[in-house]
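1. Got a predicted structure here, sequence first:
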There are 2 protein chains.
Amino acid sequence: MAYVSISDAEWQVMNVVWNAHPLTAQEVIGKLEGQSWAPATIKTMLHRLVKKKALAYERQGNRYVYRPCVRRSDCVKQASRSFLERVYGGESAPLLAHFLRSSKLSSDEIAELRQILDQLENHS
Amino acid sequence: MAYVSISDAEWQVMNVVWNAHPLTAQEVIGKLEGQSWAPATIKTMLHRLVKKKALAYERQGNRYVYRPCVRRSDCVKQASRSFLERVYGGESAPLLAHFLRSSKLSSDEIAELRQILDQLENHS
DNA sequence: TGTAACTATTTACACGTGTAATCGAAAGCA
DNA sequence: TGCTTTCGATTACACGTGTAAATAGTTACA
């Protein structure tokens, strides 16, 4: 419901926060080693995400701890829908075919997907 | 190979051109009725796409006819990869599960997807 | 209590994007 | 040949984004 539009780089930050919250700016910066971002850059993104109401913070001593304020699943859902629309013209079958073919799936994963297909068929 | 980064709105235009080329600006504008874009807006996007080398044009009398200059499949592949990375952290199985569950697929489509799974398992 | 250290807030800036209007040139009609 | 219509080209402009430095505020140590 409460959807906010998250930019490319902001997803990186959100993913970190979703994975383990609450955490401080320092911790976020720590987990994003390797992204070659200046710490200031990450702070900026935290701020913007707060302004967008994607994150909330709480004072803890002299620092803030951040926690997500929108559910990952909602953002994923929204992003997926708009991606499907934009790139595949809303047709999910080709999208699925593409990702099935282009991913190397373990046989466990394949089994699981097949199960989902079974459910879909039986259900409707 | 030759990848160009195509923006959200530009995808709309590219989709039209990929679907039926070559065509003139007027024709593109015609096919994009309903998007509530001013014709000037569409012209702008055609221009930018030419500058990006996503489209090429050719004079034909006093007007241009446009044609794609990058393959749709390449752009789809690239966009899909980066979406997978950004939103699903590179994990295709959850992505597939999501789209399977959230799409209403016909039983034909389901059958087809199951076939793809079979092929994958019989492992090439 | 003054100062160092660290954190958050403010400011910066160029580029892409969505969204067009306007200008200039060419072509067709009168 | 001059006027109108129709294109393409140029220009506009605000907002988001990637990328970060500078500044201000607060805690902790000496």
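-> Cool, got the structure. Worth saying up front: this structure is predicted, and the values here are computed from it rather than measured. Numbers count the residues shown, from 1 in each chain, chains lettered A, B, ... in the order given.
2. use CA for all of it now, contacts and neighbours both
-> Fine.
3. which element is residue A:84 on?
-> Using DSSP states H and E, residue A:84 sits within helix A:72-88.
4. in that helix, what's buried?
-> Neighbour counts using 16 or more other CA atoms under 10 Å in any protein chain shown place A:72, A:75, A:76, A:77, A:78, A:79, A:80, A:83, A:84, A:86, A:87, A:88 of helix A:72-88 among the buried residues.
5. Please enumerate residues in contact with the very next helix or strand once past it?
-> Note on helix A:72-88: by DSSP H and E, the next helix or strand toward the C-terminus is helix A:92-102. Defining contact as CA atoms under 8 Å, 6 or more residues apart in numbering or on different chains, one finds that helix A:92-102 is touched by A:84, A:88, B:92, B:96, B:99-100, B:103, B:105, B:109, B:113, B:116-117, B:120.
6. Tabulate those in CSV, adding columns for pLDDT.
-> As requested, the contacts of helix A:92-102 are arranged in CSV below (pLDDT from 0 to 100):
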residue, pLDDT
A:84, 97
A:88, 95
B:92, 96
B:96, 98
B:99, 97
B:100, 97
B:103, 94
B:105, 95
B:109, 97
B:113, 97
B:116, 97
B:117, 96
B:120, 93
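7. among these, which ones are buried?
-> With neighbours counted by 16+ other CA under 10 Å, the contacts of helix A:92-102 contain buried members at A:84, A:88, B:92, B:96, B:99, B:100, B:105, B:109, B:113, B:116, B:117, B:120.
8. Now do the spatially closest residue to the last one that is not a sequence neighbour, the pLDDT please.
-> If you skip the residues right next to it in sequence, residue B:120 has residue A:101 as its closest partner in space, 7.7 Å away by CA to CA, 6 or more residues apart in numbering or on different chains. Turning to residue A:101, the model gives it a pLDDT of 96.
9. how about the strands in chain A?
-> Across chain A, reading from the start of the chain, the strands by DSSP state E fall at A:23-24, A:55-60, A:63-68.
10. Redo the ones you listed as JSON lines? Include distance to residue A:36 and mean neighbour count.
-> What follows is the strands of chain A, written out as JSON lines (distance: least, CA to CA, whole Å; neighbours: other CA atoms under 10 Å in any protein chain shown):
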{"stretch": "strand A:23-24", "distance to residue A:36": "19", "mean neighbour count": "18"}
{"stretch": "strand A:55-60", "distance to residue A:36": "22", "mean neighbour count": "15"}
{"stretch": "strand A:63-68", "distance to residue A:36": "21", "mean neighbour count": "18"}
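11. Understood, closing this out.
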